[in-house]
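Any chance you can model this:
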Amino acid sequence: MRVITPAHIEAYQNGCLKKLFDVIKNDPELSFEIRKDNEVIVYYRKGKILTIKCTDNNEFQIKPLDKQYNGGVPLTDIFEANNLAATLKNTSHLRQYFKQAKKLIYSHKVGLEFSVQQNIALGNRSFNNRFLVVDMEWQFSQAGISETDRIGKTRIDLIIVDTHLNESGTNDIYLAELKVGTGAVEGKSGIIDHINKTKAIIDKEEVCHDLKNDIESIIDIKSHLRLIEGNRKNLKFSSKPKMMIILAYRGKHEKEQLEEQAQIAIEEAKMIGMCEPLIKKYDLQITLE
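So this is what the prediction gives:
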């Protein structure tokens, strides 16, 4: 389950990680995500810009950006054990690290989808909104499942919760797939494959159970850390998640192409007995008024 310990949480609120957390929290380009084994991963454009792990002895291990982004040369030694305490007290050094690391990731991962995904997460982190983004890049761990029972690996762009009750009196969970511009047009076989992989997740009882546990844990932790705003709601989650497809476009041509992909997805879902995906459209063009 995606959870971090009370000692780990306290370090962000009042302890040795507070300055680091403040830098992360105040940077809209960074995403702070809870992971398993008392670990947090900070993302920039889907790249793991920083990994923070709390050991069984309540000591912190911080892993910076992988050296592959810098031609095989380690980015910095400021997070090594002998420098760590001083680094965590120096806001200027922390900001400089993220500035340098973001430049390296950007050069590797130039693409509109990354920033749109992060902006959607940033704009939907309040209980006062209809939709609440709980997690990015969610993937089901199959470590405890026999190979014969495993499902195809797939990574979910966004885990989204509907804060409004459905007709059954529960809150829907959505496995959201983001499609941005013409680069997201993957052909009929690609979108059908994704629908089938999503159905495999929805139909697997263990996955649904783990997903609900993860969502409850992440909401609780992010609420404590004030990463989710608004008046906290008592959410009662549906037993099975649904699928959402977000279409982000920059004009009529891209919109039409993405709508074709969405229609293929709807027809495939109907054919295999899956609940029709919820389609959300977003115009990336900015109109000045």
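
Run through the strands of the stretch 1-150 of the chain in chain order.
Along the stretch 1-150 of the chain, the segments classed as strands by DSSP state E, counting those that start in this stretch run 31-35, 39-44, 47-54, 60-64, 131-138.

Contacts only, for the residue nearest the centre of the chain.
The centre of the chain sits closest to residue 136, judged by Cα atoms, centre = their mean, with a distance of 0.7 Å. Contacts here follow Cβ atoms under 8 Å, 6 or more residues apart in numbering; on that basis residue 136 touches 31, 33, 43, 46, 117, 118, 121, 157, 158, 159. The way it works is simple: take the backbone N, C-alpha and C, and place the C-beta from them, glycine included.

pLDDT weak spots in this structure?
Counting by pLDDT under 70, the chain shows low-confidence ranges at 110, 142-152, 183-185, 189.

and if we set it to 90?
For the chain, residues meeting the criterion pLDDT under 90 lie at 1, 45-47, 66-83, 106-115, 137, 139-155, 180-191, 193-194, 204-207, 286-289.

before we move on, the earlier item: looking at the contacts of residue 136, which is nearest residue 271?
Nearest to residue 271 among those is residue 157, at 23.3 Å by Cβ to Cβ.

Quick check: that closest one touching residue 137?
Yes. Residue 157 sits in contact with residue 137 when judged by Cβ atoms under 8 Å, with a separation of 7.2 Å.

Looking at those two, which is more packed in?
Here residue 157 and residue 137 are set side by side on neighbour count (other Cβ atoms under 10 Å), and the busier one is residue 157, at 24 against 17.

tell me which element the more buried one falls in.
According to DSSP states H and E, residue 157 maps onto strand 156-162.

and if you look at residue 264?
When secondary structure is defined using DSSP H and E, the element that contains residue 264 is helix 252-271.

can you pull the buried residues of that helix?
254, 255, 257, 258, 261, 262, 264, 265, 266, 268, 269 (16 or more other Cβ atoms under 10 Å).

now swap in stretch 170-189 and tell me
Per 16+ other Cβ under 10 Å, stretch 170-189 contains these buried residues: 171, 172, 173, 174, 175, 176, 177, 178, 179, 180, 181, 184.
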